[in-house]
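Engineer: all I have is the shape, not the residue letters:
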């Protein structure tokens, strides 16, 4: 389940909101190198957050995360694929291994670096494809091609592995959603109705 959003920030807001519904009363962890969006949105949503230090490469210190998982209630871990400051990739493969033991959700913030996934099929891709291939094992991902993809603002997107999370958005609006039996954008997003110009620009 997924849709375009007005920005990568709003896409991450939706992902963290869903995370709080799926793992209530649990903290969301992210690295100190991640975008400030995560701390801000946790504050907006009233969700406890935990900042994980980074290694000298700028990626999340997974050993420190492991220690915190032993004592803290962490329901979701945000993996950043392409930090804004250094372009660092959090070790998503190791996070998937830790999830097997601790059962947390994994949200991937690839707003900045996710566009590079389109180069996976070329010789000598600019970013290792293994990081992007691991996304398929996670719970949600955000990509915002307005950055490296040179698209207009309004082309952020959030994708969820489990389409059943749509139940968290469920509401009734008989004056809007009566024209089709299929899900309307307003029924699977926090922003509800928006113009389609950005979607058209991205498609072209």
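Structural biologist: All right, it came through fine. On a predicted model such as this, the values are computed, not experimentally measured, just so you know.

Engineer: most distant residue from the middle of this protein?
Structural biologist: residue 175 (31.3 Å; CA atoms, centre = their mean).

Engineer: list the contacts of residue 108.
Structural biologist: 78, 79, 80, 81, 92, 114, 135, 138, 140, 141, 142 (CB atoms under 8 Å, 6 or more residues apart in numbering). No exception for glycine: its C-beta is placed from N, CA and C like everyone else's.

Engineer: partner residues bridging the third one?
Structural biologist: The residues listed as beta-bridge partners of residue 80 by DSSP bridges are residue 109.

Engineer: any low-confidence regions in the protein?
Structural biologist: 128, 176-180 (pLDDT under 70).

Engineer: longest helix in the chain, please.
Structural biologist: Longest among the helix segments of the chain by residue count, using DSSP state H, is helix 8-22.

Engineer: who are the packing partners of that helix?
Structural biologist: Using 3 or more CB pairs under 8 Å, 6 or more residues apart in numbering; DSSP states H and E, the elements in contact with helix 8-22 are strand 27-31, helix 37-45, strand 74-80, strand 105-110, strand 140-143, strand 156-160.

Engineer: and of these, who's closest to residue 10?
Structural biologist: Across the helices and strands packed on helix 8-22, residue 10 has its closest neighbour in strand 156-160 (6.4 Å, CB to CB).

Engineer: report the distance from the closest one to the chain centre.
Structural biologist: 7 Å (CA atoms, centre = their mean, to the nearest Å).

Engineer: can you get me a residue count around the closest residue to residue 89 other than its chain neighbours?
Structural biologist: Take residue 89 and drop its neighbours on the chain: the residue closest to it by CB to CB, 6 or more residues apart in numbering is residue 131, 4.8 Å away. Residue 131 has 21 neighbouring residues, counting by other CB atoms under 10 Å.
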